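K.L.:
Based on what follows, work out the 3D shape:
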Amino acid sequence: MSLLRCLIPSLLLILTGFAHAEQALQMSAELASPTTLSFNAAPPPVIPRLPDPSQEVKDDLPPIPTIDLTTPPDDLWQRMRNGFSMPDLDSPLVADRQAWYLNRPDLLKRIFERSRRYLHHIVAELEKRGMPTELALLPIVESSYNPLAYSSARALGMWQFIPATGKTYKLQQNAWFDQRRDIVASTSAALDYLQTIYEMHGDWHLALASYNWGENAVGRAVAKNRAKGLPTDYQHLKMPLETSYYVPKLQAIKNIIAQPQLFGISLDPIPNRPYFGTVERSGNMDIALAARLAEIPVEEFIALNPAYSRPVMPTAANSPLVLPAEKVQTFLDNLQSHEAQDKPLSAWLTYNLKKGEKLDSVASRYHISTARLKQLNGINVRTKIAPGFALLVPGKDAIGYESIAARLPQTPASPPRAAKPKKGKAGKFHPKNKGVIVKIRKAPAAKPAVKPKKR
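P.N.:
Residues are numbered from 1 along each chain as shown. Next up, the predicted model:
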């Protein structure tokens with residue numbers, strides 16, 4: 001009896017399972033059989049067929065424009081924009097500098113026009129090194145793209161190298177030429193320096209601050225903030241007023257170039273091709289002769305070869321001639337014809353000063369003024385003149401020495417004095433910055449900022 005009582009629940013479970021299985025099979029059969037449908041039931045909903053998308057696109061619609069970065073753009077400005085890769089700086093100082101530049105459209109136009117000679121070379125060099133192309137705008141901040149610019153800190157050239165840093169980066173400097181003004185040499189040195197200080201800090205904003213203030217000064221400012229547990233980025237460092245405005249200036253120019261239409265600026269296109277080419281030379285050559293062989297004005301020649309301070313380009317300079325690209329072959333053809341006639345490349349002479357001889361007598365002998373003789377030889381109040389001093393004097397066939405000497409760039413004996421910050425009418429400081437007086441809306445109430453130690 002007890003055995004039967006135990007088996008009854010199990011039998012009930014088995015019978016229930018069979019009943020459920022039979023019911024499931026019956027429901028499946030009804031769903032599968034069309035005869036189970038009732039004629040009085042509502043018909044199933046009709047799902048509309050979607051049209052073929054390919055039939056909806058009209059053939060006369062214009063294609064969607066695409067940007068092909070593998071094809072170089074025709075405009076150099078666009079090529080530069082494609083290479084912008086530096087983190088943007090967002091601060092009130094950027095807006096302040098944007099307003100400053102936008103309120104001076106004539107100044108911007110002159111700077112952009114001057115940059116046309118050099119911009120393609122700099123952008124190409126930056127791309128070779130994998131560097132942000134907005135660095136090609138840095139000479140606007142440094143010198144307004146003027147290769148003859150000279151600052152109160154004795155910084156010279158488009159990239160504004162001081163003598164010591166110029167020597168560190170192998171830029172030759174003497175009475176005959178100064179490679180801090182040389183377009184090709186100074187650009188190479190500036191990019192080398194920027195790469196070095198970027199690798200030092202790992203941050204482009206700090207690298208730029210170092211370019212203006214000095215890498216050691218920036219390093220100390222970073223260390224001081226780190227010791228205090230403060231942020232060590234550019235905007236949080238305590239720095240001179242000029243340096244605090246330095247990166248915002250570059251960012252402001254970058255913003256204007258990136259979207260000129262947004263600011264109501266019209267940028268004249270710059271052809272995306274080299275403006276100049278180079279020609280190696282193996283001996284002394286007169287500047288006037290080189291310009292004549294290239295069939296270009298002397299002013300254009302000096303703008304492309306601003307390193308020379310004398311009418312003769314010495315062999316020791318070891319720098320190639322820089323000529324407009326379309327004039328390179330003209331120069332080579334005319335040079336070949338000139339040499340075929342056995343004509344000299346320089347008509348200038350070197351005269352060694354004798355014991356007791358005065359500059360006045362030498363100038364009279366070569367039919368030039370004493371002032372011009374001094375200018376030709378870079379003689380100023382600091383120049384020590386002694387017997388044996390080598391003077392450059394014009395030969396009888398010297399080409400236009402008077403006009404050439406007057407136009408050649410010279411390094412002043414003394415740098416221009418820096419303007420001291422003055423209080424404006426509203427009691428706000430106006431710092432000296434690259435020869436431009438800028439208005440500061442909010443300035444520290446303490447003493448004026450210390451002048452940066454330029455590189």
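
K.L.:
and this structure, what are its domains?
P.N.:
76-263, 275-343, 347-396 (automatic domain parsing).

K.L.:
For residue 408, find the nearest of these.
P.N.:
Go through the domains of the chain one by one with C-beta to C-beta and the one that ends up closest to residue 408 is domain 275-343, at 5.9 Å. The way it works is simple: take the backbone N, C-alpha and C, and place the C-beta from them, glycine included.

K.L.:
What are the boundaries of the strands in the stretch 151-300 of the chain?
P.N.:
Along the stretch 151-300 of the chain, counting by DSSP state E, counting those that start in this stretch, strands occupy 276-279, 285-286.

K.L.:
how many neighbours does residue 243 have?
P.N.:
Counted by other C-beta atoms under 10 Å, the residues lying close to residue 243 total 24.

K.L.:
My guess is it contacts residue 212. True?
P.N.:
Yes - look at residue 243 against residue 212 with C-beta atoms under 8 Å: they come within range, at 5.0 Å.

K.L.:
Tell me the spacing between residue 222 and residue 256.
P.N.:
Residue 222 sits 30 Å away from residue 256, going by C-beta to C-beta, to the nearest Å.

K.L.:
Just to confirm, what confidence does the model report for residue 282?
P.N.:
The model reports residue 282 with a pLDDT of 81.

K.L.:
so who does it touch?
P.N.:
Going by C-beta atoms under 8 Å, 6 or more residues apart in numbering, residue 282 touches residue 315.

K.L.:
Got the phi and psi for it?
P.N.:
phi -120, psi 10 (degrees, to the nearest 10).

K.L.:
Equivalent analysis for residue 158, please.
P.N.:
Main-chain torsions, residue 158, degrees, to the nearest 10: phi -60, psi -40.

K.L.:
For it, grab the count of nearby residues.
P.N.:
By other C-beta under 10 Å, neighbour count at residue 158 equals 28.

K.L.:
wait, isn't it in contact with residue 147?
P.N.:
Yes - using C-beta under 8 Å, residue 158 is in contact with residue 147, at 4.5 Å.

K.L.:
where do the contact lists of the two overlap?
P.N.:
Joint contacts of residue 158 and residue 147 (C-beta under 8 Å, 6+ apart) are 118, 181, 183, 186.

K.L.:
Tell me, how many residues neighbour residue 241?
P.N.:
When counting by other C-beta under 10 Å, one arrives at 21 neighbours for residue 241.

K.L.:
nope, residue 150 is what I meant
P.N.:
Neighbour count of residue 150, defined by other C-beta under 10 Å: 21.

K.L.:
okay, and for the protein, where does confidence drop off?
P.N.:
1-70, 399-402, 413-455 (pLDDT under 70).

K.L.:
The same query, at a cut-off of 50, please.
P.N.:
Along the chain, segments meeting pLDDT under 50 span 3-4, 21, 24-25, 27-40, 54, 421-451, 453.

K.L.:
which residue is nearest the centroid of it?
P.N.:
residue 136 (1.4 Å; C-alpha atoms, centre = their mean).

K.L.:
Using the three-state scheme, assign it.
P.N.:
For residue 136, the assignment made with DSSP: H, G, I helix; E, B strand; the rest coil gives helix.

K.L.:
give me every residue that touches it.
P.N.:
80, 119, 122-123, 126.

K.L.:
got TSV for these, with neighbour count and secondary structure too?
P.N.:
Output for the contacts of residue 136, formatted as TSV (neighbours: other C-beta atoms under 10 Å; DSSP: H, G, I helix; E, B strand; the rest coil):
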residue	neighbour count	secondary structure
80	27	helix
119	21	helix
122	24	helix
123	20	helix
126	20	helix
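
K.L.:
what's the closest of those residues to residue 233?
P.N.:
residue 126 (23.4 Å).

K.L.:
The closest residue in space to the closest one that isn't next to it in sequence: neighbour count?
P.N.:
Counting by C-beta to C-beta, 6 or more residues apart in numbering, residue 126 lies nearest to residue 133, which is 5.2 Å off, once chain neighbours are set aside. Other residues near residue 133 come to 20 when the count uses other C-beta under 10 Å.

K.L.:
I figured residue 133 hits residue 123, correct?
P.N.:
Yes - here residue 133 reaches residue 123: they are 5.5 Å apart, a contact under C-beta under 8 Å.

K.L.:
shared neighbours of these two, which are they?
P.N.:
79-80, 83.

K.L.:
Who are the contact partners of residue 272?
P.N.:
Contacts for residue 272 (C-beta under 8 Å, 6+ apart) come out as 72-76, 78-79, 120.

K.L.:
out of these, which are buried?
P.N.:
Among the contacts of residue 272, those scoring as buried are 73, 76, 79, 120 (criterion: 16 or more other C-beta atoms under 10 Å).
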